[in-house]
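Participant: one predicted model, sequence on top.
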Number of protein chains: 4
Amino acid sequence: MGDGSGRRDEIIAIATRLIASRGYSSTTVRDIADEAGILSGSLYHHFSSKEAVLQEILRAFMGDTLAHFERIVASEGSYREHLDQLIEHAFLTIEQRPDEVRIYQNETGFMMTQPGFEFLADGAARIEELWLEQITAGQADGAFRDSVDPRLAFRFIRDAVWSTVFWYRPGGSHTAASVSENYLELLHAGLLAD
Amino acid sequence: MGDGSGRRDEIIAIATRLIASRGYSSTTVRDIADEAGILSGSLYHHFSSKEAVLQEILRAFMGDTLAHFERIVASEGSYREHLDQLIEHAFLTIEQRPDEVRIYQNETGFMMTQPGFEFLADGAARIEELWLEQITAGQADGAFRDSVDPRLAFRFIRDAVWSTVFWYRPGGSHTAASVSENYLELLHAGLLAD
Amino acid sequence: MGDGSGRRDEIIAIATRLIASRGYSSTTVRDIADEAGILSGSLYHHFSSKEAVLQEILRAFMGDTLAHFERIVASEGSYREHLDQLIEHAFLTIEQRPDEVRIYQNETGFMMTQPGFEFLADGAARIEELWLEQITAGQADGAFRDSVDPRLAFRFIRDAVWSTVFWYRPGGSHTAASVSENYLELLHAGLLAD
Amino acid sequence: MGDGSGRRDEIIAIATRLIASRGYSSTTVRDIADEAGILSGSLYHHFSSKEAVLQEILRAFMGDTLAHFERIVASEGSYREHLDQLIEHAFLTIEQRPDEVRIYQNETGFMMTQPGFEFLADGAARIEELWLEQITAGQADGAFRDSVDPRLAFRFIRDAVWSTVFWYRPGGSHTAASVSENYLELLHAGLLAD
DNA sequence: GATGAATGAGCCTTCATTCAT
DNA sequence: TATGAATGAAGGCTCATTCAT
């Protein structure tokens, strides 16, 4: 990752920015080529199709995210610490690679079922499995409230956290860290006063 | 609402279903016309443009949602009760009008800035304001934990709740009511065991 | 001519105004119907087609013009007086029925060859014939310079005069009468000083 | 002028012929593409829109005409000689580039006010100015009859001369030169015998 | 006379993709 | 690697016209 043929990486970077802001189907091959300073037909020397570009973007994102998640749950620490780290890593990703997160959030739903994008469903399944293990184990050892369906808890957290990419803007009234902190507090203890 | 000219309403219903499942830009005027049993050009007897169809769908949805929300906060009850009712109404809407919710979730981001869709930004702003009033008032009277930024709390809830439309399917292992119940518990008391 | 069924005449009047200002092919049946306060389909109770409307406008215009021209050349007076009267009548028509003149000038070229519009070519031929008689006769009796091809003289005058409809606007620096006067002087004696 | 990219020039030539004979709005992009032996969509590789084609045709015509006119009035010679040369150049243009003249005559009225076609009004204004200078100067030095409004004289000549494009056909009973000669005589000395 | 709904043909334009050079 | 030209399919939309009510 990173040793790519220069031009290819440039194009991926441009495509990522464009697709994140306009959506995949509204971003044309010409848009991408224009910003790369070449003709649209010339893109096909680097990628076999428009879909292949998206695939590459999503595959890299999914791979990295999964790898990080696996590393976290494999590390030392309590289930609660793991959960917090998973969440914190999500916020870190949103801060560092917002375009990829936006693309993932926007396009994954429609693409997941397309041929060639099976890795999306597979990855998502593995991620859910991995979170579920932490939550159920944490419920079993008394760390987490066990009246809540683990699957629902996972989706609750996942959706709340990753959705922040659509409105969080660095330089606003919150830093990524302060959003993370607030969210963790809500997640830990809820909204009701003690 | 309800007195519609029959054919128009039929077309809106078809368009709603199609746009919800394929996305606005991937749904063609021909798709809609085909399902309505007419030629694509004939759609323009009923609507001035494809965008006008989307506008009508979103406007109705936004209007109804806003009206319900206003009614809830204007009703008797504590801030906490109001918040719970707002959330429960969201889940009810997701159950009863999932296609409209899906469309709203998917298309609002890109459309909000388009001319003719100003009502989206206006409505969203009013909704945020209305939730914020409940949260801040509830913090002031001690019902809600006041260490959390009300705006972040609102977005946290909003994103977690409305996102369920993308994966909740009636007839699965959860009813809308049980999802609602689990989410409320998490929201109230958090994930950590007492 | 003139006793028409009210509604018909209204529609003809509207169509005349519209076609004069936008051109025949850019004026839609809907444009006309809108201004008449009816639906476009309802126009077909009055006219069998869009072309029929144009035909009626042009037929009336051609008929009136031809009738006037015939009356002039049949009246008492010298060839030169006749020629002046023909020209003056053209200016009068431009002042009183500019929309019809504009339509005639714009659409006649393309329409003349269409089936149903043979009256245009026929009328134009009769008009040319009628002018030519005056010019050749005037040349024969010494009133007109005979070094000029009569046919060219006719077209020269016709084109110069009728073209004024495209730029003459009442209320400007010239009245129709003063334009007529200037043109007659140029036509009589030319631009060169004596 | 002349270095054009081959294909582009071919297409412009085809479009010029077609638009001249059918009118701009009745000439379809398909018509043009068919004659060029390509698909209609392929035209957009060369031109950004149908309007852009018309714009290019008219811009070239206006530019050339204006340049010639400027050269004439800047040359040595009396006002009368200049005027005659202006007229003769118009006839030459009609003979050599009749399609462009036809398009200019037919479409300029409606297009002049469209965005992107401002050069038409600008050019027309400059041409009028340039003719007016000759006429008024010629009146001042006694060459031209000064009882005629120069503006009316200009329009009289302009309309009579350029209108010939609609009926002049080479190979008929007149050559362009003989039409030119007759018109000049009429313009110089009028129709009345001395 | 008019409405309301629809037809059918066609229009301009966009876009991913291909391929000879 | 890139260009330049083109394809082929489709897309949103317009418009004259028809016809049952």
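Facilitator: Everything's here; your move.
Participant: in terms of helices and strands, where is A:G142?
Facilitator: Under the criterion of DSSP states H and E, A:G142 resides outside all helices and strands.
Participant: point out where chain A drops to low pLDDT.
Facilitator: A:1-5 (pLDDT under 70).
Participant: how about the helices in it?
Facilitator: Along chain A, counting by DSSP state H, helices occupy A:7-22, A:29-36, A:50-74, A:79-96, A:98-111, A:118-140, A:150-163, A:176-189.
Participant: can you put these in CSV and add distance to DNA strand E and mean neighbour count?
Facilitator: Every C-beta, even on glycine, is put in place using the N, C-alpha and C of the backbone. Below are these laid out as CSV (distance: least, Cβ to the nearest atom of the strand, whole Å; neighbours: other Cβ atoms under 10 Å in any protein chain shown):
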stretch, distance to DNA strand E, mean neighbour count
helix A:7-22, 10, 18
helix A:29-36, 3, 17
helix A:50-74, 4, 17
helix A:79-96, 27, 19
helix A:98-111, 13, 20
helix A:118-140, 18, 17
helix A:150-163, 26, 21
helix A:176-189, 33, 19
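Participant: put together a markdown table for the ones you listed, with distance to C:L187 on each row.
Facilitator: Converted to a markdown table, the helices of chain A look like this (distance: least, Cβ to Cβ, whole Å):
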| stretch | distance to C:L187 |
| --- | --- |
| helix A:7-22 | 65 |
| helix A:29-36 | 59 |
| helix A:50-74 | 68 |
| helix A:79-96 | 83 |
| helix A:98-111 | 74 |
| helix A:118-140 | 83 |
| helix A:150-163 | 81 |
| helix A:176-189 | 85 |
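Participant: looking at the ones you listed, which is closest to B:E70?
Facilitator: B:E70 lies closest, by Cβ to Cβ, to one member of the helices of chain A: helix A:150-163, at 24.4 Å.
Participant: that closest one near chain B anywhere?
Facilitator: Yes. For helix A:150-163 and chain B, the contact criterion (Cβ under 8 Å from any Cβ of the partner chain) is met by A:L152, A:A153, A:R155, A:F156, A:I157, A:D159, A:A160, A:S163.
Participant: how close does the third one sit to B:F91?
Facilitator: Using Cβ to Cβ, to the nearest Å, we find A:R155 at a distance of 14 Å from B:F91.
Participant: overlap of the contact sets of those two?
Facilitator: Taking Cβ atoms under 8 Å, 6 or more residues apart in numbering or on different chains as the criterion, A:R155 and B:F91 both touch B:T164.
Participant: what sits against the nearest residue to A:E107 once chain neighbours are set aside?
Facilitator: Leaving aside its chain neighbours, A:E107 sits nearest to A:Y24 (4.9 Å; criterion: Cβ to Cβ, 6 or more residues apart in numbering or on different chains). If a contact means Cβ under 8 Å, 6+ apart, then A:Y24 has A:L54, A:I103, A:N106, A:E107, A:M111 as its contacts.
Participant: and what of A:A177?
Facilitator: Per Cβ under 8 Å, 6+ apart, neighbours of A:A177: A:F91.
Participant: what is the end-to-end distance of stretch A:23-37?
Facilitator: By Cα to Cα, to the nearest Å, the extent of stretch A:23-37 from end to end equals 21 Å.
Participant: how far away from the center of its chain is it?
Facilitator: 22 Å (Cα atoms, centre = their mean, to the nearest Å).
Participant: now the residue most central in space within chain A. Nearest residue, chain neighbours left out?
Facilitator: By Cα atoms, centre = their mean, chain A has its centre lying nearest to A:V101, at 4.4 Å. Excluding its sequence neighbours, the residue lying closest to A:V101 (Cβ to Cβ, 6+ apart) is A:V165, at 4.5 Å.
Participant: any idea how many residues pack against the one you found?
Facilitator: By other Cβ atoms under 10 Å in any protein chain shown, 23 other residues sit near A:V165.
Participant: which residues does the closest residue to DNA strand E within chain A contact?
Facilitator: Proximity of chain A to DNA strand E (Cβ to the nearest atom of the strand) peaks at A:G41, 2.6 Å away. Neighbour list for A:G41: A:A33 [criterion: Cβ under 8 Å, 6+ apart].
Participant: next: A:A189.
Facilitator: With Cβ under 8 Å, 6+ apart, A:A189 has these contacts: B:R145, B:A189, B:G190, B:L192.
Participant: buried only: go through those for me.
Facilitator: B:R145, B:A189, B:G190 (16 or more other Cβ atoms under 10 Å in any protein chain shown).
Participant: Serialize those residues to a markdown table and add fields for distance to B:I11.
Facilitator: Formatted as a markdown table, the buried ones among the contacts of A:A189 follow (distance: Cβ to Cβ, whole Å):
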| residue | distance to B:I11 |
| --- | --- |
| B:R145 | 48 |
| B:A189 | 46 |
| B:G190 | 46 |
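Participant: state the distance from A:W131 to B:I19.
Facilitator: From A:W131 to B:I19 the distance is 32 Å (Cβ to Cβ).
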